[in-house]
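In: A predicted structure for the sequence below; I have some questions about it.
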Amino acid sequence: MITYLVIVSIILHFITFFWIITLMQRFNREAPSPNKNAEKVKAEIEDLLVAYTTEMKEENERLIKQFIDHGQEQSQQLREDTVRHDPPQRERTTKQTSPLSPLSNEQVEFDKTENEYDRSYQPPIPTDDDYKSDDVFEQSETAKVLSLANQGYSANEIAKKLGMGKGEVELLLKFYQ
C-alpha cells in the first residue's frame, strides 16, 4: 500500500512540475521583458528630444529674424537721425561728406566707437558686497514645471502657463519624474 501511495505521489509531482513549467513559459511569452520596456521608454525620450530640438530651432530662427529686423530698424533710424542733425563743429573742419554718401562722418565715428566698446567690454564680476540678505531669487523654468506638475497640471496646461513648448515641458517631466 505504501508503494502505491509513493507511486501516485511521484506521478502527481511530475504533473505539478509539468504545469509549473508550462505556466512559466506562457507568462514569459505574454509579459513584456524589461529590455522591450526600456526600448519603448528610450524611443519615447528620443521622440521628445527630436520634438524639443525642432521647437528650439524654430524659436532660434524666429529670434535671429527679430534681431536682424531690429538691427535694420536701428540703423535706419540712426541714419535718419544723422541726416536731421548737423555734425559737430570739429567734424565740419576735418572732412565733409558729399550729400550722396550713405554715411556721414558722425555715423562713421559712432560705428567706430561702438565697435571699440564691444571689444573692450568685460562683464562685471559679482562680489560678496553685491549680495544682500533681501535679494530675491527667481525659480528656474525646470523648477516651475516640476512645481506645477506636482500640483496636478497637465503638460499642455503647464506649457500655456509658462509660455513654453509642449515638447519641452514633456521632456523636463520625463527626465525629472
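Out: That came in fine, so what should we check first?
In: Who are the contact partners of Ala38?
Out: Taking CB atoms under 8 Å, 6 or more residues apart in numbering, we find Ala38 in contact with no residue. Quick note: C-beta positions are derived from backbone N, CA and C, even for glycine.
In: That one: what secondary structure?
Out: Under DSSP: H, G, I helix; E, B strand; the rest coil, Ala38 falls in the helix class.
In: count of neighbours near Met164?
Out: By other CB atoms under 10 Å, 18 other residues sit near Met164.
In: what about the helix or strand containing Gln66, average pLDDT?
Out: Using DSSP states H and E, Gln66 sits within helix 34-84. Average pLDDT, helix 34-84: 83.
In: On the three-state scheme, the residue lying closest to Gln177 once chain neighbours are set aside is what?
Out: Spatial nearest neighbour of Gln177, chain neighbours left out: Ala149 (6.9 Å); criterion: CB to CB, 6 or more residues apart in numbering. Following three-state DSSP, Ala149 is assigned to helix.
In: what's the spacing between Ala149 and Ala159?
Out: For Ala149, the distance to Ala159 equals 11 Å [CB to CB, to the nearest Å].
In: which residues are in contact with both of the two?
Out: With contacts taken as CB under 8 Å, 6+ apart, not a single residue reaches both Ala149 and Ala159.
In: how many neighbours does the residue nearest to Gln177 have?
Out: Neighbourhood size, Ala149 [other CB under 10 Å]: 18.
In: Check it and give its pLDDT.
Out: Ala149 carries a pLDDT value of 91.
In: show me the residues around it that make contact.
Out: Per CB under 8 Å, 6+ apart, neighbours of Ala149: 155, 158, 173, 177.
In: Of these, just the buried ones, PyMOL syntax please.
Out: To isolate the buried ones among the contacts of Ala149 in PyMOL, judged by 16 or more other CB atoms under 10 Å, type:
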select buried, resi 155+158+173
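In: Now do Phe27 against Asp69, distance only.
Out: According to CB to CB, Phe27 stands 63 Å off from Asp69.
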